[in-house]
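Novice: predicted model, plus sequence, below.
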Amino acid sequence: RFHRVDPRRAPLLDLTAAAQRAGDVEGAHLAAALAVEAELNRGRAEPIPMNIDGATAVIYAELGFPPPLARGLFVLSRSIGILAHAWEESQSGIRNKGPIPRDLLPSYRAPEA
């Protein structure tokens, strides 16, 4: 896990809660997800917070998408994020993190343009 708390979680869930207060969504899926998160964390020293995947599932469910369609939309949206992250990493001039810490392999320096 790279983040103890996914930094995208709170803004997305806050927007969903605002949509509930405005009457745009029911909020049942948001409440269920937060209840599951709270139950998972009961008595734990280190919490297991909801990540972007869970927050996205809440949003699609609140918007009324059937699960198979929501899953497809999720896959499409993640592919955009993956591509953007890969591009950012390739422009940084250092080796991509990958599954192995950078210091275990020789340093990578991008060729000079």
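Specialist: Everything's here; your move. Residues are numbered from 1 along each chain as shown.

Novice: could you use CA atoms for every contact and neighbour count after this?
Specialist: Will do.

Novice: list the contacts of the residue most central in space within the chain.
Specialist: What sits nearest the mean C-alpha location of the chain, by CA atoms, centre = their mean, is Ile52, with 1.8 Å. Counting by CA atoms under 8 Å, 6 or more residues apart in numbering, Ile52 touches Asp6, Arg8, Arg9.

Novice: just give me the neighbour total for the last one.
Specialist: Close neighbours of Arg9, defined as other CA atoms under 10 Å, add up to 17.

Novice: next, it: phi, psi?
Specialist: phi -60, psi -60 (degrees, to the nearest 10).

Novice: which ones are touching it?
Specialist: Met50, Asn51, Ile52, Ala55.

Novice: tell me the secondary structure of the last one, please.
Specialist: For Ala55, the secondary-structure state derived from DSSP: H, G, I helix; E, B strand; the rest coil is helix.

Novice: start the count at 425 instead of 1 going forward.
Specialist: Fine by me, first position is 425 from now on; the one you just mentioned is Ala479.

Novice: what about it, how many neighbours?
Specialist: 22.

Novice: re the thing from before, with distance to Leu500 and secondary structure added, can I get the contacts of Arg433 in TSV?
Specialist: TSV is the format used below for the contacts of Arg433 (distance: CA to CA, whole Å; DSSP: H, G, I helix; E, B strand; the rest coil):
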residue	distance to Leu500	secondary structure
Met474	20	coil
Asn475	17	coil
Ile476	14	helix
Ala479	15	helix
